[in-house]
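Novice: this one's structure only:
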């Protein structure tokens, strides 16, 4: 790749939107037309490319059309009409192997393999818009329909696209709809690539963008491999289908020899079908579909005796209604082999082989399932150890006014604070600790307090809390769940963010995971609503990535330097030193990696750092340490995204509606059955602060009287939080 500045790179790749016009494509259906097209293509710097394949008639499938779009025109190359593998190879290889032309695909991994398979064509300078879009916006819908809509303002009907995509492309002539669809598939790729490149450079920086492009080139090195029969797929498929065979499932025990034998016989017939399809170059999916395959395997089971029974003949009359005629031809031509498979259980040695075959693939499945379960349990255990509460969340201690009115509940820690400060006296210890204040909260008299206590707002704080999951009622392994996510509340004004005990609830692990998953969906909707891209947070590469890059580059250089010529060796060393300089310039680098602070590396006679084994070893350890900052960077990204959402809440009414939305969302998706008494969507949104509150920045920090020192609002003041 040439060396560009960012500005030059963007100018070089600039693309102007060229609206798609139906029937404006140019059809290339003869070798002469293709030969005339090649000089035009060789003048281009980038091409949008797609292919259409037929799967219906052959075992492997074959290409029927190659679409190539330039900035000006869409060319549809009818490879079936040209009908010359050598001619197509000689012409298109000049284009596909030209390193100065960028070949732009959408999800092009399969297209590349099909081009190799059918025309021995290799691709260099490859770009995949789907891969780039997924790198940039992993959580978004990055289908071609969405990318065309997002960047080119062109609406394409999803159902219509699907119908045309799976239509038969080997029929001639192709319909106008098919040809328009084919031209459209490649038409906007150049424009989409340009827009994605600009966003990626802005998001992760120029160098990281180039690295993403270089990584794409790995796809072009893959070789086409012929389809192989997947025994495990059919083994598992039989077991899934068996559940729905009520007639047999009610009589055959899944642990029995009968079940195991029929399972393997089903797989062996499927394998025979695959071999026949490959030998005769037929689409295996058009031969004896799975329901018929299952019916055939069960022919050896006698429902009356509930036993296996020898099959004397294969009655093809029962298969007259099968979908594809080729299936009957298969059954007729392979009758003897099928009969041998069906009756193989009757021979002692072969029966043992069947059972051993079942055990072999059954163990693979069991092993895979066990490993999945173990990983799942390990993740659950780690989650519980990290997030589940280690002590009783609610103390249910009570605070009374001087005349005995119940103000609110709190925990033991708060009780001790009031007692130690002499602000309250102990009333009782059993069954819960109760204290009585020595001052009037908020300076209110008894009648005013009594009136406030009877308000619905106070019922939540004065009621006893039950230590159960508020959704399902489970009474163990709890986590704190923030109804209004902390990434938003932390950016609220003080009077909104400090008053939060109402919106922290107890959930069991399972309910917490469900609530978190649904909350993440709403977070993504808010990002889309306010047009916020999380990736904008990263101005340059992350520390984690930079540390890993240093280690990988150094390791690769030391391993291969003896095989390099002097020029390449020098170039590699300069790249590593450049990476090192970038790492040192990263903000807060020495706090993240303190071992860099006083580290002294060897230098050469020219005063440059030596790239040696000591250098590699140091960055090997640094790379390991970098894994610890992964979660921190993700959290910083989430907090940044939350801040951007809150910045769109322009008024206090907006904040209140935002809080109500999250509370209602929790009720709608979780339908909790055990909410604390008094919990509701319209619960008080703000709180007032005493003069000594940390939320009131009063110079001098002076206290006037005891009520100001210990400012308590009945419905807010000293609430316990889970």
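Specialist: Looks like it arrived, so ask away. As the structure is a computational prediction, the values presented were derived from the model and not from experiment.
Novice: SS state for residue 53?
Specialist: Here residue 53 is recorded as strand under DSSP: H, G, I helix; E, B strand; the rest coil.
Novice: Pairing partners for it in the sheet, please.
Specialist: Going by DSSP bridges, residue 53 is paired in beta bridges with residue 63.
Novice: Might you report the residue contacts of it?
Specialist: 61, 62, 63, 64, 114, 169 (CB atoms under 8 Å, 6 or more residues apart in numbering). Using the backbone N, CA and C atoms, a C-beta is placed for each residue, glycine as well.
Novice: list the contacts for residue 18?
Specialist: Residues near residue 18 by CB under 8 Å, 6+ apart: 71, 72, 187, 191.
Novice: which of those tops the neighbour count?
Specialist: With neighbours defined as other CB atoms under 10 Å, the most crowded of the contacts of residue 18 is residue 187; it has 26 neighbours.
Novice: from what I can see that one touches residue 75, true?
Specialist: No - with contact defined as CB atoms under 8 Å, residue 187 does not reach residue 75; the gap is 10.7 Å.
Novice: So for these two, which residues contact both of them?
Specialist: Counting by CB under 8 Å, 6+ apart, the residues touching both residue 187 and residue 75 are residue 69.
Novice: buried stuff in stretch 325-345?
Specialist: 326, 327, 330, 331, 334, 338, 339, 341, 342, 343, 344, 345 (16 or more other CB atoms under 10 Å).
Novice: What is the nearest of those to residue 662?
Specialist: Of all the buried residues of stretch 325-345, residue 662 sits closest to residue 327, with 56.4 Å by CB to CB.
Novice: and the closest one, what helix or strand is that in?
Specialist: Secondary structure assigned from DSSP states H and E places residue 327 in helix 325-333.
Novice: Out of the buried residues of stretch 325-345, which two sit at the greatest distance?
Specialist: Taking CB to CB as the measure, the buried residues of stretch 325-345 span a maximum distance of 28.1 Å, between 326 and 345.
Novice: okay, and for the stretch 401-550 of the chain, where does confidence drop off?
Specialist: Residue ranges of the stretch 401-550 of the chain with pLDDT under 70: 442-443, 451-458, 498-499, 533-545.
Novice: Name the surrounding residues that touch the one helix or strand residue 659 maps to.
Specialist: In this assignment (DSSP H and E), residue 659 forms part of helix 652-670. With contacts defined as CB under 8 Å, 6+ apart, helix 652-670 is touched by 471, 483-485, 488, 492-493, 496, 503, 511, 514-515, 518-519, 522, 648-649, 672, 680-683, 685.
Novice: Can you give me the buried ones in that helix?
Specialist: By 16+ other CB under 10 Å, the buried positions in helix 652-670 come out as 655, 658, 659, 662, 663, 665, 666, 669, 670.
Novice: Same question for stretch 62-82.
Specialist: Residues of stretch 62-82 classed as buried by neighbour count (16+ other CB under 10 Å): 62-70, 74-82.
Novice: Tell me the span between the first and last residue of it.
Specialist: 14 Å (CA to CA, to the nearest Å).
Novice: Stretch 20-32 too?
Specialist: The first and final residues of stretch 20-32 sit 27 Å from each other (CA to CA).
Novice: Need the phi and psi values for the residue found closest to residue 502 once you drop the neighbours it is linked to in the chain.
Specialist: Once flanking residues are discounted, residue 502 sits nearest to residue 683: 5.1 Å by CB to CB, 6 or more residues apart in numbering. Dihedral pair for residue 683: phi -60, psi 150, per degrees, to the nearest 10.
Novice: And the strands in this structure?
Specialist: Assigned by DSSP state E, the chain shows strands spanning 26-28, 46-54, 62-69, 74-78, 102-105, 126-128, 301-302, 307-308, 397-400, 406-410, 424-428, 434-437, 478-482, 504-508.
Novice: would you list the ones you listed in a markdown table and tack on distance to residue 221?
Specialist: As requested, the strands of the chain are exported to a markdown table (distance: least, CB to CB, whole Å):
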| stretch | distance to residue 221 |
| --- | --- |
| strand 26-28 | 29 |
| strand 46-54 | 18 |
| strand 62-69 | 20 |
| strand 74-78 | 24 |
| strand 102-105 | 14 |
| strand 126-128 | 10 |
| strand 301-302 | 50 |
| strand 307-308 | 51 |
| strand 397-400 | 68 |
| strand 406-410 | 66 |
| strand 424-428 | 75 |
| strand 434-437 | 74 |
| strand 478-482 | 46 |
| strand 504-508 | 48 |
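Novice: Can you tell me which of those strands is nearest to residue 274?
Specialist: Closest to residue 274 of the strands of the chain is strand 62-69 (CB to CB; 18.4 Å).
Novice: where in the stretch 101-250 of the chain is pLDDT low?
Specialist: 138-139.
Novice: could you redo the last one with a cut-off of 90?
Specialist: Applying pLDDT under 90 to the stretch 101-250 of the chain flags the ranges 134-142, 150, 153, 155-162, 165-166, 198-211, 218, 221-228, 232, 239-250.
Novice: JSON lines for the buried residues of helix 652-670, including pLDDT and distance to residue 140?
Specialist: Formatted as JSON lines, the buried residues of helix 652-670 follow (pLDDT from 0 to 100; distance: CB to CB, whole Å):
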{"residue": "655", "pLDDT": "91", "distance to residue 140": "27"}
{"residue": "658", "pLDDT": "93", "distance to residue 140": "23"}
{"residue": "659", "pLDDT": "92", "distance to residue 140": "27"}
{"residue": "662", "pLDDT": "94", "distance to residue 140": "23"}
{"residue": "663", "pLDDT": "93", "distance to residue 140": "27"}
{"residue": "665", "pLDDT": "94", "distance to residue 140": "21"}
{"residue": "666", "pLDDT": "94", "distance to residue 140": "25"}
{"residue": "669", "pLDDT": "92", "distance to residue 140": "22"}
{"residue": "670", "pLDDT": "93", "distance to residue 140": "26"}
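Novice: what pLDDT does residue 555 get?
Specialist: Note on residue 555: pLDDT of 80.
Novice: wait, isn't it in contact with residue 618?
Specialist: No - using CB under 8 Å as the test, residue 555 is too far from residue 618 to be in contact (11.9 Å).
Novice: Please say which of those two ends up with more neighbours.
Specialist: Counted by other CB under 10 Å, residue 555 and residue 618 do not tie: residue 618 has more neighbours, with 17 against 14.
Novice: where's that one relative to residue 583, distance?
Specialist: As judged by CB to CB, to the nearest Å, residue 618 and residue 583 stand 12 Å apart.
Novice: what does residue 90 give?
Specialist: Look at residue 90 and residue 583: by CB to CB, they are 49 Å apart.
Novice: So for the two, which sits in the more crowded spot?
Specialist: Neighbours per residue, other CB under 10 Å: of residue 90 and residue 583, the larger number sits with residue 583, 19 against 15.
Novice: isn't that one right next to residue 551, touching?
Specialist: No - the pair residue 583 / residue 551 is not scored as a contact, 11.0 Å apart, by CB under 8 Å.
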